[in-house]
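Colleague: Using only what follows, build the 3D model:
(2 chains, ligands or ions: 1)
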Amino acid sequence: MSRKRTPVVAGWFTGDGTDGEGEADFRLLGTRCSACASVFFPREDVFCRNPGCPGGELTEVPLSRRGRIWSYTDSRYRPPAPYVSDPELEWQPCTLIAVELEAERMVVLGQGAPGVALADLAVGMEVEAVPGVLNEDTETTWTTWHWRLTGTPGSAEAEADAKGAAGVVA
Amino acid sequence: MTADVAVLGAGMHPWGKWGRSFVEYGTAAAREALADAGVDWCDIGSIVGADTVRGGYPGYVAGATFAKALGWQGARVASVYAACASGAQAISTARAQILSGLADVVLVVGADAAPKGFFRPAGGDRPDDPDWLRFRVLGATNPAYFGLYARRRMAVHGDTLEDFAQVKVKNAAAGALNPLARYRKRVTAEEVAASAVVADPLRLLDICATSDGGAALVLSSVDFARRHGAPDPVRIRAVSTVTPRFPNTVLDLPDIATDSAASVAPPAEPFRASIARAAYEEAGIGPEDLSLAEVYDLSTALELQWYEDLGLCGEGEAAKLLGEGATAPGGRIPVNPSGGLASFGEAVPAQAIAQVCEVTWQLRGVAGERQVAGARVGMTANQGLFGHGSSVIAVR
Ligand SMILES: [Zn+2]
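Modeller: Model prediction:
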């Protein structure tokens, strides 16, 4: 039975993470105030939180796809519910990466993409937001965002490099 | 400057995992504080309870629960919730009642029976709750945030795992001398390094446990204290309960992102430093005047952060201050002479009150083996979820 792909939170990122959807188009989605230009993630849809702002329209805005690692850690023990994990399987530590987005001047937390090991990470490294799967149940594949190092296999940059090397890209 | 209020009595139920109700811990602490003050419960004009914490949010209502357990006697009642700062806000409420003349003598109580394991949010499907979301979307426990802060300090300031371990060594040695602490064993740096990693780079012994405990204070006007035969009581001179300023650019629990500083410049000082500054300004003193400080060492690395936020040293100099022994017993500014959260474990609504109990005993000169010689000014500091923080300055 095929599962329906559903974002774990509606409206926080583009698409549903369907395979084949261009990773290069994937973006976290925030909102921007038309009066003061403050950006919010998670999105504010009703009121601007800038205390000096008279209040403006909040419109959806994609966040920068890339940023630099502000800090990182991992979860060596199984997190409690509502985090979903298979109790039958041994817990595999998962990296958590806080990423500084230069244009937005904000830090956004996310899980590292599968295969991102703690030992690969350092503060200041460049990462990019990519679609990922949080968990699956009988009917649903819950999608999320992950942070992945740029220049690693599978990243847009590495693919471009590989194509460039093969003469595919001029 | 605001007028002082007197600390007439302080009392605590020992911290531990006792498996009993928070009502029992709080009532025991309240009876201790009343006995210490020499005030009869029936003469208390107001009781303020710090609510228990369940899933990041207020759990059991505290004020009326303790009033009933002590025996209804008609006192004014209030209950407050401010996550880890709940106890300090209970003190703040009591102080405001005293200074405004609404009450002469007020009982403040906080107690909790902590659930097992990681703190976790309340159940159900609640995507409108930031605390629920960080667990559902990221599996980000409290120690994960502590790990992020610790790694950031290592990258920016060059702190080492050994620096973090030395905070635990210091606090465990202090806690070994405190009969109210849950953990009363000295710990070596080797033992910290050998404990399991919970959230890289922090290990089990870098992170505070969650505990059962209760703490209480009897506060009064200085006039009441004099009439009551306490001419020179410990006095609370400042209670800071300020909120952050937009844009808050330090990732706080339980948030998934910081505010954006793209359109508004960030404030000159981060939230924690602003909590301390407000307390200093209210008390009319500075960090150089402190005899001791009780700070919220949720992790070893966070204790170092507080040194800088309290102005005990410059930014990035906390590990050096620790290494010099300045914050150890006998040092220039002993920090966490009680043993801190490292030795107590956190009993959330009681903890900020317990900090003031320790400062009270230190300023009275009755702290026994852990006494800071000649203590005249003590400061507490803490921070919790949802933009809450507090700092109390007491003098004698
Ligand atoms: Zn605005």
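
Colleague: pull the helix or strand with minimum mean pLDDT from chain A.
Modeller: None of the helices or strands of chain A scores lower by mean pLDDT, DSSP states H and E than helix A:156-165, at a mean of 48.

Colleague: For the residue positioned nearest the centre of chain A, give the beta-bridge partners.
Modeller: Of all residues in chain A, the one closest to the mean position by CA atoms, centre = their mean is A:W145, 3.1 Å from it. Counting by DSSP bridges, A:W145 is bridged to A:P131.

Colleague: Spit out the contact partners of it.
Modeller: Neighbour list for A:W145: A:W12, A:F13, A:F26, A:L28, A:G110, A:A129, A:V130, A:P131, A:G132 [criterion: CB atoms under 8 Å, 6 or more residues apart in numbering or on different chains]. For glycine as for every other residue, the C-beta is placed from the backbone atoms N, C-alpha and C.

Colleague: between those residues, which is closest to chain B?
Modeller: Top of the list for closeness to chain B, among the contacts of A:W145 and by CB to the nearest CB, is A:G110 at 7.0 Å.

Colleague: Could you check how far that closest one is from the ion?
Modeller: Counting by CB to the ion, to the nearest Å, the separation of A:G110 from the ion is 25 Å.

Colleague: give me the number of residues near that residue?
Modeller: 25 (other CB atoms under 10 Å in any protein chain shown).

Colleague: What's the local residue count around residue 40?
Modeller: In the absence of a named chain, chain A is used. 21.

Colleague: try again with chain B
Modeller: B:D40, neighbours per other CB under 10 Å, totals 10.

Colleague: Tell me the secondary structure of the closest residue to it other than its chain neighbours, please.
Modeller: Excluding its sequence neighbours, the residue lying closest to B:D40 (CB to CB, 6 or more residues apart in numbering or on different chains) is B:L34, at 7.2 Å. Following DSSP: H, G, I helix; E, B strand; the rest coil, B:L34 is assigned to helix.

Colleague: Tell me how many other residues crowd B:L34.
Modeller: 21.

Colleague: try B:G123
Modeller: The local packing of B:G123 (other CB under 10 Å) involves 10 other residues.

Colleague: So it is in contact with A:A81, correct?
Modeller: Yes. Using CB atoms under 8 Å, B:G123 is in contact with A:A81, at 7.4 Å.

Colleague: anything in contact with each of those two?
Modeller: With CB under 8 Å, 6+ apart, B:G123 and A:A81 have no common neighbours.

Colleague: residue contacts, B:G175?
Modeller: Shown in contact with B:G175 (CB under 8 Å, 6+ apart): B:A181, B:Y183, B:R184, B:S338, B:G339, B:G340, B:A342, B:S343, B:F344.

Colleague: same question, B:T241
Modeller: The contact partners of B:T241, by CB under 8 Å, 6+ apart, come to B:A82, B:A85, B:A88, B:Q89, B:S92, B:H388, B:G389, B:S390.

Colleague: quick one: the strands in chain A?
Modeller: A:4-7, A:29-33, A:39-40, A:58-62, A:66-75, A:94-101, A:106-112, A:126-136, A:140-149 (DSSP state E).

Colleague: what pairs with the first one, and is each one parallel or antiparallel?
Modeller: Looking back up the chat, that one is strand A:4-7. Strand A:4-7 is paired, per DSSP bridges, with strand A:140-149 (parallel).

Colleague: quick one on the thing from earlier: relative to chain A, how far out is the residue nearest to B:D40?
Modeller: 38 Å (CB to the nearest CB, to the nearest Å).

Colleague: still on that earlier bit, how about the strands of chain A in CSV, adding mean pLDDT?
Modeller: Shown next, in CSV, are these (pLDDT from 0 to 100):
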stretch, mean pLDDT
strand A:4-7, 94
strand A:29-33, 98
strand A:39-40, 98
strand A:58-62, 98
strand A:66-75, 98
strand A:94-101, 97
strand A:106-112, 98
strand A:126-136, 96
strand A:140-149, 96
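
Colleague: got those as a markdown table, with distance to B:D159 columns?
Modeller: Formatted as a markdown table, the strands of chain A follow (distance: least, CB to CB, whole Å):
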| stretch | distance to B:D159 |
| --- | --- |
| strand A:4-7 | 38 |
| strand A:29-33 | 32 |
| strand A:39-40 | 31 |
| strand A:58-62 | 36 |
| strand A:66-75 | 12 |
| strand A:94-101 | 17 |
| strand A:106-112 | 19 |
| strand A:126-136 | 23 |
| strand A:140-149 | 24 |
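
Colleague: Up against chain A, what does the stretch 101-250 of chain B have?
Modeller: B:117-118, B:120-121, B:123, B:125, B:127, B:130, B:132-141, B:144, B:147-152, B:155-156, B:196-202, B:246-247, B:249 (CB under 8 Å from any CB of the partner chain).

Colleague: Helix or strand for the nearest residue to B:V192 once chain neighbours are set aside, just tell me which one.
Modeller: Take B:V192 and drop its neighbours on the chain: the residue closest to it by CB to CB, 6+ apart is B:A165, 3.9 Å away. Taking DSSP states H and E as the definition, B:A165 sits inside helix B:161-175.

Colleague: The closest residue to the ion within the stretch 51-200 of chain B - how many residues pack around it?
Modeller: Nearest residue of the stretch 51-200 of chain B to the ion, counting by CB to the ion: B:P130, 20.1 Å away. Neighbour count for B:P130, taken as other CB under 10 Å: 17.

Colleague: for the closest residue to it other than its chain neighbours, helix, strand, or coil?
Modeller: Residue nearest to B:P130 in three dimensions, not counting chain neighbours: B:P254, with 5.2 Å by CB to CB, 6+ apart. Classification of B:P254 by three-state DSSP places it in coil.

Colleague: from what I can see B:P254 touches B:D131, true?
Modeller: Yes. Using CB under 8 Å, B:P254 is in contact with B:D131, at 4.3 Å.

Colleague: about what we covered before: just the buried residues from the contacts of B:G175, in ChimeraX please.
Modeller: Applying 16 or more other CB atoms under 10 Å in any protein chain shown to the contacts of B:G175, the buried members can be selected in ChimeraX as follows:
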select /B:181,183,338,339,340,342,343,344
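
Colleague: Between which two of the contacts of B:G175 is the distance greatest?
Modeller: Distance extremes for these: the farthest pair is B:R184 and B:G340 at 13.0 Å, using CB to CB.

Colleague: Skip the chain neighbours and tell me the closest residue to B:A273.
Modeller: B:D309 (4.4 Å).

Colleague: that older thread, okay, the contacts of B:T241 in JSON lines with secondary structure next?
Modeller: Formatted as JSON lines, these follow (three-state DSSP):
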{"residue": "B:A82", "secondary structure": "strand"}
{"residue": "B:A85", "secondary structure": "coil"}
{"residue": "B:A88", "secondary structure": "helix"}
{"residue": "B:Q89", "secondary structure": "helix"}
{"residue": "B:S92", "secondary structure": "helix"}
{"residue": "B:H388", "secondary structure": "strand"}
{"residue": "B:G389", "secondary structure": "strand"}
{"residue": "B:S390", "secondary structure": "strand"}
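
Colleague: and stretch B:47-57 with chain A, contact?
Modeller: No. Against chain A, stretch B:47-57 shows no contacts by CB under 8 Å from any CB, the least distance being 10.3 Å.

Colleague: and A:F41, what does it touch?
Modeller: A:W12, A:L28, A:L29, A:G30, A:L63, A:E104, A:M106, A:V108, B:I256, B:A257, B:S260.

Colleague: Tell me, what's the model's pLDDT at it?
Modeller: A:F41 carries a pLDDT value of 97.
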